[in-house]
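Asker: Here is my input, please return the structure:
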Amino acid sequence: MILREAQLLELTEKLRASPWVAMDTEADSLHAYPEKVCLIQISHAGGDVLVDPLTGLNLQPLWEALAGRELIMHGCDYDLRLLRRTHGFLPAAVFDTMLAARLLGYKAFGLSDLVEKHLGVRLEKGPQKANWAMRPLPPHMEAYARNDSRYLKPLEVILRAALQERGRLEWHREMCARLVEQSARELAADPDTVWRVKGSGQLDRRGLAVLRAVWHWREHEAVAANRPPFFVFSTEEMVSLAALASTGQSFEHLLPRRFSPARRQRLLQAVNKALHLPPEKCPQLAVRRPTVRMTMAQKRMMNQLQKHRDAQAARLGMDPTLIAPRATLVALATDGEVARQQLMEWQRKILF
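Answerer: Model prediction:
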């Protein structure tokens, strides 16, 4: 485990000299709020290492050593977004082994599935709900973490060769590039919609005012307690509270007994403030998006596209939704050229 600056600098020299680098991360999304990167697993030509970002290490030398090169990762969309959001880092390119397996038509494409299939190694089931922020990490968690990056390079060699043989390596490059691009331009949450949780559509404007206030109260409490929001108060309970409070009914039976007097008081103050907002300050009801009604010609176009996509997918032995999910087919049938330009080049060549 790399805990000190000197160790990190030594690692960066090895990474610069290595012809390849594989990486994975572990976070604490089930145990803290906001979530953070708790462990960085790195494999290179010289071995496997764990970097502990919770020690206060200056990780800038690590990001500089990794800049401008391709990283081998598995199912990395979450990792990329978290690294960009918490450390401001994104690799120049990735080779995602999960995407490679999907393009090759694999039905089981989890890391353990691929490692067992190609390398004959059965990985132990990992601690899915473990708190990766705990220190020291138990030996079995360290071993599990190392395995997440240890086998990525041999998998990459096998999968890259298979993609090349089947003429799909460029498809994979496009998909990985799109993944990095999307992670780089993650949009900020809309302040008028972020609090409109499932069930909010049943509330009137006063109820929405209460829900908005309770949502912001929960966010504050979650950050202060460093606990995920659902540990503080569930979404269902928020909607029920808003419905009752906005119609003058008692809602205190919904408040968990674990609430401290101070937390309870802050919630009651937030609700009371929302109940006394001037009507014009209450949120507007959500405008329902009109259902897209396709013309008969558009429906015929979509059916033709779907049949063609499914036939191509069967010929290629891959999941049809990789070529185009249903929403994309609808967009192609109703908004042709715009939707077509949003496809990747390999998808366009298959569909048209």
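Asker: from here on, contacts and neighbour counts on C-alpha atoms
Answerer: Noted.
Asker: Tell me the secondary structure at residue 118.
Answerer: Taken by DSSP: H, G, I helix; E, B strand; the rest coil, the conformation at residue 118 corresponds to helix.
Asker: mind listing what it touches?
Answerer: By CA atoms under 8 Å, 6 or more residues apart in numbering, residue 118 lies in contact with 155, 158.
Asker: Which pLDDT value does the model give it?
Answerer: Reading off the per-residue confidence, residue 118 sits at a pLDDT of 98.
Asker: Same check on residue 289?
Answerer: Per-residue confidence (pLDDT) for residue 289: 74.
Asker: cool, residue 293 as well?
Answerer: In this prediction, residue 293 carries a pLDDT score of 84.
Asker: Contact partners for the residue nearest to residue 2 when sequence neighbours are not counted?
Answerer: Spatial nearest neighbour of residue 2, chain neighbours left out: residue 51 (4.8 Å); criterion: CA to CA, 6 or more residues apart in numbering. Under the criterion of CA under 8 Å, 6+ apart, the contact list for residue 51 reads 1, 2, 3, 8, 39, 40, 41, 42.
Asker: top of these by neighbour count?
Answerer: Note: the member of the contacts of residue 51 with the most neighbours is residue 42, at 25 neighbours, neighbours being other CA atoms under 10 Å.
Asker: So what sits opposite that residue in the bridge?
Answerer: With DSSP bridges as the criterion, the beta-bridge partners of residue 42 are residue 23, residue 49.
Asker: quick one: it and residue 333, what's the gap?
Answerer: In this view, residue 42 and residue 333 are 45 Å apart by CA to CA, to the nearest Å.
Asker: Okay, now the unreliable bits of the stretch 251-352 of the chain?
Answerer: Applying pLDDT under 70 to the stretch 251-352 of the chain flags the ranges 292.
Asker: ranges for the helices of it?
Answerer: Along the stretch 251-352 of the chain, the segments classed as helices by DSSP state H, counting those that start in this stretch run 261-275, 296-316, 320-323, 326-334, 336-342, 345-351.
Asker: Report all helices and strands that the fifth one contacts.
Answerer: Looking back up the chat, that one is helix 336-342. helix 326-334 (3 or more CA pairs under 8 Å, 6 or more residues apart in numbering; DSSP states H and E).
Asker: what residues does the helix it packs on touch?
Answerer: 294, 298, 299, 301, 302, 305, 306, 338, 339, 340.
Asker: Those into JSON lines, with extra columns for distance to residue 100 and neighbour count?
Answerer: Conversion of the contacts of helix 326-334 to JSON lines gives the following (distance: CA to CA, whole Å; neighbours: other CA atoms under 10 Å):
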{"residue": "294", "distance to residue 100": "35", "neighbour count": "14"}
{"residue": "298", "distance to residue 100": "33", "neighbour count": "18"}
{"residue": "299", "distance to residue 100": "33", "neighbour count": "15"}
{"residue": "301", "distance to residue 100": "30", "neighbour count": "18"}
{"residue": "302", "distance to residue 100": "28", "neighbour count": "21"}
{"residue": "305", "distance to residue 100": "25", "neighbour count": "19"}
{"residue": "306", "distance to residue 100": "23", "neighbour count": "19"}
{"residue": "338", "distance to residue 100": "27", "neighbour count": "11"}
{"residue": "339", "distance to residue 100": "25", "neighbour count": "15"}
{"residue": "340", "distance to residue 100": "23", "neighbour count": "19"}
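Asker: Many thanks, I have nothing further to ask.
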